[in-house]
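>>> attaching a predicted model along with its sequence, questions to come.
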Amino acid sequence: MAIQQKLSLMIPGPTPVPEKVLQALSKHPIGHRSKEFQDLVESTTKNLQWLHQTQNDVLTITGSGTAAMEAGIINALSKGDKVICGENGKFGERWVKVAKEFGLEVIKIDSEWGTPLDPEEFKKVLEEDKQKEIKAVILTHSETSTGVINDLKTISSYIREHNTALSIVDCVTSLGACNVPVDEWELDIVASGSQKGYMIPPGLSFIAMSQKAWEYAEKSNLPKFYLNLKSYKKSLLNNSNPFTPAVNLVFALDEALKMMREEGLDNIFFRHDKHKLAMSNAVKSLNLQLFADEKSLSPSITAIETGDIDAEKFRKTIKNKFDILLAGGQDHLKGKIFRVGHLGYINDRDIVNVISAISYTLLDQKKITAEQAGDALAVASRYLEKS
């Protein structure tokens, strides 16, 4: 079988990597205790704070976004602490498992996959906690297993009203795709990963910590060593890292953050929003259904129901014919949905290409007419033309 040399990643991660970032990645490594690397850490830290819209600490860990989320949990909490976990997809489900693994008492607030978490349920549980026993609320902002974005702004306002609980938020696929003003929303612990909106390969994760989170860290008794964030905070005072970092990924991070600053936050958010709208509205012309609640669509990914079409076979056809990789459904959704990622280094052409590939495949299977295929592109173009 021929090696695919032009595979287009239209999945929620890893995402496509810009040429400039690939070139930075290929530089010769330098010593991670050198002045040159310290200068690099200083630059990337300032730009990470810009991206997070925070004056607080943003730490870089060599590990995936899950490492950052686990670090947030084990550094701020203690065994037996009571926490709320939001669960409306695969990743919310994961945080419930992680919390229980570390001996936390979990109050689960859930909703059906494809629907957003109800902020009022969080408000109710938090208001009923008169003894202030709840120490944290753990949730996923953009749930890419279903294509839903949760109302973090409203939920975080209820957490603040509680006055005791921390917010621990998985922003792995929302940071760099939509507005996450960490300081304005007074978020305490925010985790993200390099292979998403950051436009670099997997291997780095980032965690923003509020002063309140650091106060909790002084009391935490959960075991930690490599993920002990106090070590990272101490090292960051000297623009360093407590362990050997992924030096070349930091080269890539530096370049990617410079590209993001050049584009500007508002333009980044606008681009992701128009791609979401182009994709989700084009789908309606193709006899397909959106899986997620249309009022809560993630800017990072569109989940599409396929009805009587086997979604896995459909994805395979798209990959083999067009060298475009789409994501499949997870768990009970396998074979029932496919997911189109439009996160990170994605442009209008990529959106047109994936809509064309989906349309052609449906047309070839006699599921739609040529007119419907044309309508889908016409609908998408109306959103893509906006600037």
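Right, received. Where do you want to start?

>>> only C-alpha atoms for contact and neighbour calcs from this point on.
Will do.

>>> hmm, Gln150 is touching Trp113, no?
Careful, residue 150 is Asn and not Gln. No. When contacts are counted by C-alpha atoms under 8 Å, Asn150 is not listed as touching Trp113 (11.8 Å).

>>> low-confidence regions, the stretch 101-250 of the chain specifically.
Within the stretch 101-250 of the chain, no stretch falls below the threshold (pLDDT under 70).

>>> so who does the residue nearest to Thr244 when sequence neighbours are not counted touch?
Using C-alpha to C-alpha, 6 or more residues apart in numbering and skipping the chain neighbours, the partner closest in space to Thr244 is His32 (6.8 Å). Counting by C-alpha atoms under 8 Å, 6 or more residues apart in numbering, His32 makes contact with Gln38, Ser240, Thr244, Pro245, Val247.

>>> quick one, phi psi at the last one?
Translated: Val247. As for Val247, its main-chain torsions (degrees, to the nearest 10) stand at phi -50, psi -50.

>>> same check, this time on the second one
The phi and psi torsions at Ser240 (degrees, to the nearest 10) take the values phi -140, psi -170.

>>> how close does Tyr216 get to Lys79?
Noted for Tyr216: a distance of 13 Å to Lys79, by C-alpha to C-alpha, to the nearest Å.

>>> again with Met279
Met279 is 44 Å from Lys79, by C-alpha to C-alpha.

>>> same question, Pro29
In this view, Pro29 and Lys79 are 40 Å apart by C-alpha to C-alpha.

>>> between those two, which is the more surrounded one?
When Pro29 is set against Lys79 and neighbours are counted by other C-alpha atoms under 10 Å, the residue ahead is Lys79, at 17 against 13.

>>> which strand or helix spans Asn281?
Taking DSSP states H and E as the criterion, Asn281 maps to helix 265-283.

>>> so Lys108 sits against Lys82, correct?
No. Under the criterion of C-alpha under 8 Å, Lys108 is not in contact with Lys82, lying 10.7 Å apart.

>>> more crowded one of the two?
The neighbour comparison of Lys108 against Lys82 (other C-alpha under 10 Å) goes to Lys82, with 21 against 17.

>>> wait, that one touches Glu133, no?
Yes. Taking contact to mean C-alpha under 8 Å, the distance of 6.3 Å between Lys82 and Glu133 places them in contact.

>>> in three-state terms, how would Tyr158 be classified?
Assigned state for Tyr158: helix (three-state reduction, DSSP: H, G, I helix; E, B strand; the rest coil).

>>> now for it, how many residues are close by?
As a burial measure, Tyr158 scores 19 neighbours (other C-alpha under 10 Å).

>>> who's in contact with it?
The contact partners of Tyr158, taken as C-alpha under 8 Å, 6+ apart, are Phe122, Lys123, Leu126.

>>> for the stretch 51-200 of the chain, what spans make up the strands?
Taking DSSP state E, counting those that start in this stretch as the criterion, the stretch 51-200 of the chain contains strands spanning 57-62, 82-87, 105-110, 134-140, 142-143, 148-149, 166-170, 189-193.

>>> ok, now the stretch 201-350 of the chain?
For the stretch 201-350 of the chain, the strands defined by DSSP E, counting those that start in this stretch occupy 204-209, 289-290, 301-305, 324-328, 337-341.

>>> okay, and the beta partners of the nearest residue to Thr140 once chain neighbours are set aside?
By the measure of C-alpha to C-alpha, 6+ apart, the closest residue to Thr140 outside its immediate chain neighbours is Asp170, 4.6 Å from it. Note on Asp170: beta-bridge partners Thr140, Ala191, judged by DSSP bridges.

>>> distance of Asp170 from Lys313?
The value you get for Asp170 to Lys313, if C-alpha to C-alpha is used, is 31 Å.

>>> please apply the same query to Trp95.
According to C-alpha to C-alpha, Trp95 stands 31 Å off from Lys313.

>>> over to Ile268?
Going from Ile268 to Lys313 by C-alpha to C-alpha gives 33 Å.

>>> for Asp331, same thing?
Look at Asp331 and Lys313: by C-alpha to C-alpha, they are 16 Å apart.

>>> and for Ala217?
Plainly put, Ala217 is 48 Å away from Lys313 if you go by C-alpha to C-alpha.

>>> please say which of the two ends up with more neighbours.
Between Ala217 and Lys313, Ala217 has the larger neighbour count (other C-alpha under 10 Å), namely 21 against 11.
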